[in-house]
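Novice: I would like the atomic coordinates for the input below:
(2 chains)
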Amino acid sequence: MARSRALPARGGVFITGDSPLVMEYASECERARIATTVRVNSGSPAKTLSTRGRAQRVPSSCSIAVELTNTSLDTKQKNLRELSRRLAPGRPILTSASTVCVAEQSQWLTPPRQLIGIAALPGLLQGRLVELSPGEGTGSAVLAEAQEFCRKLGKEWALVQDSPGMVMPRILCMLVNEAYFALGERTAEPSDIDTAMRLGTNYPRGPMEWGERIGLTQVCAVLDGLWRYFGEDRYRTAPLLRRLAGASARER
Amino acid sequence: MGATVGVIGAGTMGRGIAQVAACAGLEVLLHDISAEALRDASLRIASEVRSNAARGHFPEDQVATALARIHPRRALHELAESDIIIEAAAEDLELKKELFRSLDRFARPHTILATNTSSLSVTALASLTHVPASVVGMHFFNPPMRMRLVEIVRTGRTSDETIKRTSDFARMMGKTPIICNDHPGFVVNRIARPFYGEALRLLGEGVSTVEEIDRIVRLSGDFRMGPFELMDLIGIDVNYAVTQSVYERSFFEPRFRPHPIQRQMVEAGMLGRKSGKGFYSYG
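Specialist: Predicted coordinates:
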């Protein structure tokens, strides 16, 4: 594993969270020539980051931070509190709202921070658009900086109201969940499920393929967040999805 | 001599299936109780095949042969010589039950009895016959000429041979078969539910708007169409009916619960593209 390089110049981005998301965001930043420092959550598998800066502590010099933990509320809380302490006041913190809404995340932080929710899910940064949802106390200047960050990444943005899972993660994970219910009930074989959805509804990918791309642990995390927030049976995870997510976590 | 396909019902689906089969080189016996429906179907099929040929989608010199393969039949028993009979009558359980009881009386033992139902129980129809091993679901998508998928639906009593032969027929017709069990909504209509259901809830909760949700789904998820554009295309009434059917047939599983917005749109006569207004305005 590569050791940390010198910290990036002032004005860089610090990215922390679940490793697949950190990797994806870091490589997009690198492609956009944005100075980037990363730290993946411990317990989250770290691939080699040969060309990127790594840091154990949050560099206070960075101008924007991105928190991408979906799989553990505890870790997310710790990361956000640290970012909140280390980052100069008024610097934007983009935080994944795929599993927990921005309002709830804001309550973890004293003094309050200007948070902007982002719909982070592995694979989604390949799309042309990112969803943002500014928290209650987030001012327009901070939001403008977050939008500038998106623009540098070459992405459009859509502003949505604060809600866990935002738009795309919620819809996608529910599609994957339904496919796993069907699979668990032996409605059809996995490859037939994907073929059916691609040809029958013109989806760009089948739900099983989406599930693999996103990662089943991430899918469960989004569904758990919806279930926790809405308290509705419709968001319970398919038993097979839960079992396979556990198996893939152990494998890692 | 090619295989013979019997098609019951000359409505949108029956007509489309007949056209697909005839263009693929199969003999078609097309039945409808209404002489007018049969005449109308023949005219529409002829005009569609000709326009396909004009656009280069079908060989010009085969138009007449293909059309000559479709034989209108006023009496149901005239379908007896078919290798497979595809029932594509209206989505009404009593009507389909009556048809399957009749088919059971005259169909040859080796004839596959398929139903194109999207929401009724294939199992219930199979149990009305003496040959449940030969009864299968064959769910084509609308419009049958353009949609490549066919869901081959197996009941607990459908034989492996029936599944294999039905899949072969689907392939002969240029379609891609997938095999599934007789569960509510089969595969597509079931797994697609959250695509609409969650979008409607997001709209209802005020998380985003129709236009923005569609834009996000297209640009972030790479889908060809957003959920609201797609509902407008399918028909909001049709989409609502499918949702209701899957919901009811699953004993009110909360994941499939329809949304009040859907009912309200239907009540308002805002059915999508076909009515000029749905989630968007047209024309």
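
Novice: got the residues of the stretch 151-252 of chain A near chain B?
Specialist: By the rule CB under 8 Å from any CB of the partner chain, the part of the stretch 151-252 of chain A lying against chain B is A:156, A:158, A:160-161, A:163, A:166-168, A:170-172, A:174-175, A:177-179, A:181-182, A:185-189, A:192-193, A:195-197, A:199-205, A:207, A:232-234. Glycine gets a C-beta too; all of them are placed from N, C-alpha and C.

Novice: filter those down to just the ones in strands.
Specialist: Taking DSSP state E, the ones among these that sit in strands are A:156, A:158.

Novice: list only buried entries from the residues of the stretch 151-252 of chain A next to chain B.
Specialist: Among those, those classed as buried by neighbour count (16 or more other CB atoms under 10 Å in any protein chain shown) are A:158, A:160-161, A:163, A:166-168, A:170-172, A:174-175, A:177-179, A:181-182, A:187-188, A:192-193, A:195-197, A:199-201, A:203, A:205, A:207, A:234.

Novice: disregarding residues adjacent in the polypeptide, which is nearest to residue A:62?
Specialist: Closest residue in space to residue A:62, ignoring its immediate chain neighbours: residue A:14 at 4.2 Å, by CB to CB, 6 or more residues apart in numbering or on different chains.

Novice: is it true that the one you found touches residue A:29?
Specialist: No: judged on CB atoms under 8 Å, residue A:14 makes no contact with residue A:29 at a distance of 10.3 Å.

Novice: now the helices for chain B?
Specialist: For chain B, the helices defined by DSSP state H occupy B:12-23, B:35-54, B:63-68, B:93-106, B:122-126, B:160-172, B:188-191, B:193-204, B:210-219, B:227-234, B:236-249, B:260-267.

Novice: now do the contacts for residue A:100.
Specialist: Shown in contact with residue A:100 (CB atoms under 8 Å, 6 or more residues apart in numbering or on different chains): A:73, A:76, A:164, A:225, A:228-229.

Novice: could you say what helices and strands the helix or strand hosting residue A:38 packs with?
Specialist: Using DSSP states H and E, residue A:38 sits within strand A:36-40. Applying 3 or more CB pairs under 8 Å, 6 or more residues apart in numbering or on different chains; DSSP states H and E, we find strand A:36-40 packed against strand A:13-17, helix A:19-31, strand A:53-54.

Novice: partners of it in the sheet?
Specialist: Under the criterion DSSP bridges, strand A:36-40 sits next to strand A:13-17 (parallel), strand A:53-54 (parallel) in its sheet.

Novice: buried deepest among those strands, which one?
Specialist: Mean neighbour counts were compared across the strands paired with strand A:36-40 using mean count of other CB atoms under 10 Å in any protein chain shown; the top stretch is strand A:13-17, at a mean of 26.

Novice: what angle separates that one from helix A:19-31?
Specialist: Taking axes from the mean of the first three to the mean of the last three CA atoms, to 10 degrees, one finds strand A:13-17 and helix A:19-31 inclined to each other by 160 degrees.

Novice: distance between strand A:13-17 and the chain's centre?
Specialist: 11 Å (CA atoms, centre = their mean, to the nearest Å).

Novice: what about that strand, average pLDDT?
Specialist: Per-residue pLDDT over strand A:13-17 has a mean of 95.

Novice: give me the contacts around it.
Specialist: Contacts to strand A:13-17, defined as CB under 8 Å, 6+ apart, come from residues A:22, A:25-26, A:29, A:34-41, A:44, A:55, A:58-59, A:62-70, A:76, A:79, A:83, A:96, A:120, A:149.

Novice: write a PyMOL command that selects only the buried members of those.
Specialist: PyMOL command restricting the contacts of strand A:13-17 to the buried ones, with burial defined by 16+ other CB under 10 Å:
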select buried, chain A and resi 22+25+26+29+34+35+36+37+38+39+40+41+44+55+58+59+62+63+64+65+66+67+68+69+70+76+79+83+96+120+149
